[in-house]
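Participant: Everything below, folded, please.
(chains A and B)
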There are 2 protein chains.
Amino acid sequence: MNARGGIDLGGTKIQAVIVNSRNRVLGEARGPTPTTGGPADVAAAMATILEEAVAAAGVEVDSLVGVGVGSPGEVDAAAGTVAQARNLPDWEKAFPLGPRLSKSLGAPVAIGNDVQVATDAEFELGAGEPYRSLLGVFWGTGVGGGLILDGKPWTGRGAAGEIGHMVVKRGGAHCPCGRYGCLEAYAGRGAMEARARRAVKDGEKTKLFKIMESKGKTRLASGVWAKALRDGDELAEQLIDRAVEALGAGVASAVNLLDVEAVVIGGGLGVRFGAPFAERIKYAMAPHLFVSDRPPKVHVASLGDLGGAIGAALLVSSGNGRGAKPRPRNARARKPSAARARA
Amino acid sequence: MNARGGIDLGGTKIQAVIVNSRNRVLGEARGPTPTTGGPADVAAAMATILEEAVAAAGVEVDSLVGVGVGSPGEVDAAAGTVAQARNLPDWEKAFPLGPRLSKSLGAPVAIGNDVQVATDAEFELGAGEPYRSLLGVFWGTGVGGGLILDGKPWTGRGAAGEIGHMVVKRGGAHCPCGRYGCLEAYAGRGAMEARARRAVKDGEKTKLFKIMESKGKTRLASGVWAKALRDGDELAEQLIDRAVEALGAGVASAVNLLDVEAVVIGGGLGVRFGAPFAERIKYAMAPHLFVSDRPPKVHVASLGDLGGAIGAALLVSSGNGRGAKPRPRNARARKPSAARARA
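Facilitator: All right, here's what the predicted structure looks like:
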């Protein structure tokens, strides 16, 4: 049945899916990303979670055509290595994630950039399917971006899509990346949390951290922000307004440069906040769009949380049974009834 | 000999060239753009200037394979129309520039976006020749941009490349386009002149307008800025520093998004200021580049003032003698000894 695996390696969780040749999701599993140890421990956790997905799908690991991985950090797809994955434990140097996983799973493994594969998934199977050009904006702990131009992923020299580090305010806020005025310095969940913590230190009132504790979290997860907004928390509203304004300016800048047909908003916050916030971002883009009479379409990522893992599975070509190889860049996958229905 | 014409239609001047099948410049002519009348008067001036270039080249108009035009405004290449050319007199509605010129010249005419054809020229024949991906930045009255990605022009839905209207400072300076915080609001010669005039009204001292008068100009042309910098004029230095900082942030943002191999700086100010300023822009980009250990190459446009007209001539395919048609997008033109030598 030519089943393939896909793993989305995130800073907080690992999501695995098994899909069939029509990209229908047969099974899935998720678990926390190890926060201690090193790359080998992360690889071991990935293998375990993939095996859980395999069990949920009712297939055998050794029947998989291959497994794709969407990874943060610097990915060398040819070598199967990942370096500089700064949200992952002790992962600075290049680690042979592909070969290591391939050995423990007994299946070929292909590795791609996490944000780009999530964009590819939305393009092939999700909200981006009607378009030939689109910008994926992944609004979560950071702000990542992926590009499809003329029906193909655009990765530049390997590091394209860093919309989170476009400058929206020269001399502006300090970004977790160390620079100033980046979009992510205003809109990234990490930067917003740092700002909320400083505000509390400065005596401002907010329910954000109480909500966090009541949810048993140690970080201001997307659900914490959503609850604080529902409760009318003023600081949360201020910080989210500021994030939306920054996203409007940054995304409009990208559209002015590239004139893509559509923008797909994903990521933890993007998916959690959904259509009303996609609408707010669209509204915040409007004053900055150079060609204002035909703005791009703005959609929420329709594959939701599973988009990254499904996109990773797309790295593996289905059907030849001879192993993982990069998907031909101009091939469109078949329409995915189930994958879409899950979103 | 398969000669082709190229016309660069600018807000202040019209530049025409005649090139042979190897893109060697055989003759050129230039003249002022009419500031009164309407599109038909501009078209008539273009035809006259092209005929002067034809005479300089020692060929006959009716021997031309075709004529290409690089135009501002909204270009419909298929229909040969130009609309919304706001720097040109009374040119809001779509005007059939292609058919009109074709009739008066007796040769097929192809029309493209002025900035994109100048970028194409640098890519095919100029400073961008060694690369497969590049960003052209045209720093003049406004700040325009053109993109080559994977060896082909990227124009989006027809309006890509508006790097001048990327937001570098949310809530920042008022841009001639009516928006706020655009790169052009800081770096465009028009915006800089407006700011200099306000500064003088506010009692600031500057030699800028004396230099302008002594050069017989009514505008702060590129040469006026260059002379003021040579004379150590403080206001000119401040405004140019501010422009360079904004260009650094805007161009770095574009590079973070696209990860192109090279940036080519052209336009009136870009060509006038040359390599030392390309170096300054590169330096101003550095603090904003996400992948800081392999910045893109930064070059001055090597075709200089003629790049736009030569790029326009590239819109016409050479050699088949059956009329103007769009150049195949993945074809590289031959190396141009003379075109390069002229730069």
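
Participant: for A:Asp150, what are its contacts?
Facilitator: A:132-133, B:154 (CB atoms under 8 Å, 6 or more residues apart in numbering or on different chains). Every C-beta, even on glycine, is put in place using the N, C-alpha and C of the backbone.

Participant: Now do the helices in the stretch 201-343 of chain A.
Facilitator: Taking DSSP state H, counting those that start in this stretch to define them, one finds helices in the stretch 201-343 of chain A at A:208-214, A:222-230, A:234-258, A:267-285, A:307-314, A:337-342.

Participant: The residue nearest to A:Phe273 when sequence neighbours are not counted - how many residues pack around it?
Facilitator: Take A:Phe273 and drop its neighbours on the chain: the residue closest to it by CB to CB, 6 or more residues apart in numbering or on different chains is A:Ala226, 6.8 Å away. Using other CB atoms under 10 Å in any protein chain shown, A:Ala226 is surrounded by 18 other residues.

Participant: What's opposite the closest residue to A:Lys297 other than its chain neighbours in the beta bridge?
Facilitator: Excluding its sequence neighbours, the residue lying closest to A:Lys297 (CB to CB, 6+ apart) is A:Ala262, at 4.3 Å. Per DSSP bridges, the residues bridged to A:Ala262 are A:Leu134, A:Lys297.

Participant: isn't A:Ala262 right up against A:Gly128?
Facilitator: Yes - using CB atoms under 8 Å, A:Ala262 is in contact with A:Gly128, at 6.0 Å.

Participant: overlap in contacts of these two?
Facilitator: In contact with both A:Ala262 and A:Gly128: A:134, A:299, using CB under 8 Å, 6+ apart.

Participant: more neighbours, these two?
Facilitator: Neighbour comparison, A:Ala262 and A:Gly128: the larger count goes to A:Gly128, with 29 against 22 (by other CB under 10 Å).

Participant: what sits against the more buried one?
Facilitator: Counted by CB under 8 Å, 6+ apart, A:Gly128 has contacts A:119, A:122, A:134, A:136, A:148, A:262, A:264, A:299.

Participant: that's a helix at it, yeah?
Facilitator: No - assessed with DSSP: H, G, I helix; E, B strand; the rest coil, A:Gly128 is coil; it does not lie in a helix.

Participant: gap between it and A:Val137?
Facilitator: Distance, A:Gly128 to A:Val137, using CB to CB, to the nearest Å: 12 Å.

Participant: any common contacting residues for those two?
Facilitator: Common neighbours of A:Gly128 and A:Val137 (CB under 8 Å, 6+ apart) are A:Val264.

Participant: on that earlier part again, highest mean neighbour count across the helices of the stretch 201-343 of chain A, which stretch is it?
Facilitator: helix A:307-314 (a mean of 32; mean count of other CB atoms under 10 Å in any protein chain shown).

Participant: Let's verify the closest residue to chain B within the stretch 51-200 of chain A: helix, strand, or coil?
Facilitator: In the stretch 51-200 of chain A, the residue that lies nearest chain B is A:Gly156 (2.5 Å; CB to the nearest CB). Under three-state DSSP, A:Gly156 falls in the coil class.

Participant: Roughly how far does it sit from A:Gly145?
Facilitator: 12 Å.

Participant: can you check A:Asp233 too?
Facilitator: On the measure of CB to CB, A:Asp233 and A:Gly145 end up 29 Å apart.

Participant: what's the span of stretch A:256-264 from first residue to last?
Facilitator: One end of stretch A:256-264 to the other measures 16 Å (CA to CA, to the nearest Å).

Participant: and that stretch, how far from the chain's centre?
Facilitator: 18 Å (CA atoms, centre = their mean, to the nearest Å).

Participant: and if you look at stretch A:218-234?
Facilitator: 20 Å.

Participant: Stretch A:141-150 too?
Facilitator: That offset, for stretch A:141-150, works out to 9 Å (CA atoms, centre = their mean).

Participant: Buried residues in that stretch, which are they?
Facilitator: By neighbour count on 16 or more other CB atoms under 10 Å in any protein chain shown, the buried set for stretch A:141-150 is A:141-149.

Participant: can you check stretch A:80-90 too?
Facilitator: A:80-82, A:85, A:87-88.

Participant: farthest-separated two in those residues?
Facilitator: Maximum pairwise distance in the buried residues of stretch A:80-90, criterion CB to CB, is 19.8 Å, between A:Gly80 and A:Asn87.

Participant: quick one: contacts for A:Gly11?
Facilitator: Contacts of A:Gly11 (CB under 8 Å, 6+ apart): A:33, A:72, A:87-88, A:141.

Participant: between those, which is nearest B:Cys182?
Facilitator: Using CB to CB, the contacts of A:Gly11 come closest to B:Cys182 at A:Thr141, 29.4 Å.

Participant: which SS class is the closest one?
Facilitator: Recorded secondary structure, A:Thr141: coil (three-state DSSP).

Participant: ditto for the one 4 residues further on
Facilitator: Of the three states, A:Gly145 takes strand under three-state DSSP.

Participant: before we move on, the earlier item: could I get the buried residues of stretch A:141-150 as TSV with distance to B:Lys205?
Facilitator: Listed next are the buried residues of stretch A:141-150 as TSV, based on distance: CB to CB, whole Å:
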residue	distance to B:Lys205
A:Thr141	51
A:Gly142	47
A:Val143	44
A:Gly144	48
A:Gly145	46
A:Gly146	51
A:Leu147	48
A:Ile148	53
A:Leu149	49
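
Participant: Once you drop chain neighbours, what's closest to A:Gly156?
Facilitator: A:Gly156 sits nearest to B:Asp259 (CB to CB, 6+ apart), 2.5 Å away.

Participant: What's the separation between that neighbour and A:Ala160?
Facilitator: Taken as CB to CB, the span from B:Asp259 to A:Ala160 is 4 Å.

Participant: So what touches the helix or strand harbouring A:Arg198?
Facilitator: Assigned by DSSP states H and E, A:Arg198 belongs to helix A:189-201. Residues outside helix A:189-201 that contact it (CB under 8 Å, 6+ apart) are A:140-142, A:173, A:175-176, A:184-185, A:206, A:208-209, A:219-222, A:225, A:235-236, A:239-240, A:243, A:268-269.

Participant: what packs against the helix or strand that contains A:Val75?
Facilitator: Assigned by DSSP H and E, A:Val75 falls within strand A:74-76. Under the contact criterion of 3 or more CB pairs under 8 Å, 6 or more residues apart in numbering or on different chains; DSSP states H and E, strand A:74-76 touches strand A:81-83, strand A:109-113.

Participant: which residues are in contact with it?
Facilitator: Taking CB under 8 Å, 6+ apart as the rule, strand A:74-76 contacts A:81-85, A:94, A:111-113, A:158-159.

Participant: Show the average pLDDT along that strand.
Facilitator: Averaged across strand A:74-76, the pLDDT comes to 90.
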